[in-house]
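1. Quick one, fold the following:
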Amino acid sequence: MTTRNAPPVYIVGDIHGQYEQLVGLLRGVGLVDERLDWAGGAALVWFIGDFFDRGPCGVESVDLVMRLQIQAEQVGGCVRALLGNHEPLILSARRFGEQRTAWGGTFLWDWRRNGGSDEELERLTPAHVAWLSDLPAMARVGDHLLVHADSTIYSSYGATIAEVNQAFTNNFPCPTIVMSLEVSYVLENHVAWFVLLKNLYDLMEQSPPRPVPAAILVT
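-> Here you go, the predicted structure:
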């Protein structure tokens, strides 16, 4: 995603613990050097959620992004991240553990069922928890609206991007948000994406946003 005379914008989604693939991706477009230090200059990079589960190295992936965030800021670049649905899953497993959910299981069981690894949970530090808990649910970059998933759940938490993000920050990771996110992602199909965009057009100051799906890198 580029505009004339503007730094490049890269969007990456759904890492799911695949650290080596992430490193290869970032190196391939010159955003990190051989030592995995920031080499992207003034570029803007957005990670749009799901760092964990289904792969073995979610913690390593988060560590890398947290470090690049600091390094990029020092040279005029920017690395940001959004909340996916697997971040609430692992944080709720850590916080609520064997507390039962409305589905009859527990938060720990539900996270494991979605690919969670106990070893990853044990390596989650307070610094990781604080960083993950502070991630916004949505963002606007130019005329693009960035969200993790094709779900109407976002519009039920506020009438503006700021309101939605504040609601998640104030109440996260409460069981209601965790469960509503998971139910929404499991039950809704891609038709919901158009409903979401219709509901969110009035959040934008100019023309309707162009959606950017997860799991891509745009240059």
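2. Name all residues that make contact with Leu36.
-> By CB atoms under 8 Å, 6 or more residues apart in numbering, the residues touching Leu36 are Val23, Leu26, Leu64. From N, CA and C alone the C-beta is placed, and that goes for glycine too.
3. The residue lying closest to Val79 once chain neighbours are set aside - how many residues pack around it?
-> Among residues not flanking Val79 along the chain, Gln69 sits closest, at 4.2 Å (CB to CB, 6 or more residues apart in numbering). Residue neighbour count, defined by other CB atoms under 10 Å, stands at 18 for Gln69.
4. what residue lies at the spatial centre of this structure?
-> Gly49 (2.0 Å; CA atoms, centre = their mean).
5. quick one: that one and Asn170, what's the gap?
-> Gly49 is 19 Å from Asn170, where distance means CB to CB, to the nearest Å.
6. Show residues contacting the helix or strand where Gln69 lies.
-> Using DSSP states H and E, Gln69 falls within helix 58-74. For helix 58-74, contacts defined as CB under 8 Å, 6+ apart pick out 15-19, 22-23, 31-32, 36-38, 40, 43, 45, 47, 51-52, 77-81, 90, 120, 123-124, 127-128, 131-132.
7. tell me the average confidence for that helix?
-> In this model, helix 58-74 has a mean pLDDT of 98.
8. Then stretch 123-142?
-> On average, stretch 123-142 scores 93.
9. One more: stretch 13-20?
-> Mean pLDDT, computed over stretch 13-20, is 94.
10. Right, I'll call it a day here.
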